[in-house]
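Asks: Sequence first, predicted coordinates after that:
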Amino acid sequence: MKLIYMISHEVQEHIFDFTFIIIYFLYFLIALGLSATAPKYLSFLDYYVKIYVSLFLILRFNPFRHVKFTSLDKKIAYNAGLFVLFATTSIN
């Protein structure tokens, strides 16, 4: 069971990193005005990443569970803050 958790944790971390690389790249394209379709893709990713991060934070850090803070937790917490800041200031 622990092996399955570690594999899924590692895969989840790679997917998370890849998704945020794409998001930051889209923000870069929008900021420079290089793409007219980037906002469409960004709003699509924005919706699903917000749901993922919200569910992750709710399930992982609920008050009935005691967890050890992992590198994935650090990445999600930091990127969630940046993502909320960027989403709030640029899309709206």
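Replies: Great, that's in hand.

Asks: all contacts plus neighbour counts: C-alpha atoms, from now on.
Replies: Noted.

Asks: The residue most central in space within the chain: which element?
Replies: Residue closest to the average C-alpha location in the chain (CA atoms, centre = their mean): V49, at 5.1 Å. Assigned by DSSP states H and E, V49 falls within helix 38-60.

Asks: what about L59, neighbour count?
Replies: 12 (other CA atoms under 10 Å).

Asks: and what of P39?
Replies: If we define neighbours as other CA under 10 Å, then P39 has 16 of them.

Asks: gap between the closest residue to it other than its chain neighbours and Y48?
Replies: Spatial nearest neighbour of P39, excluding adjacent residues (CA to CA, 6 or more residues apart in numbering): I30 at 7.0 Å. The gap separating I30 from Y48 is 19 Å, by CA to CA, to the nearest Å.

Asks: picking that back up, next up, the contacts around the residue nearest to P39.
Replies: Applying CA atoms under 8 Å, 6 or more residues apart in numbering, we find I30 in contact with 36, 38-39.

Asks: out of those, who's nearest S54?
Replies: For those, the closest approach to S54 (CA to CA) belongs to P39, at 21.7 Å.

Asks: ok, back up a step: which helix or strand contains the residue nearest to P39?
Replies: Going by DSSP H and E, I30 is part of helix 2-32.

Asks: Let me know the average pLDDT across that helix.
Replies: In this model, helix 2-32 has an average pLDDT of 78.

Asks: Could you list the buried residues of that helix?
Replies: Within helix 2-32, the residues that count as buried by 16 or more other CA atoms under 10 Å are 13, 16-17, 23, 26-27, 29-30.
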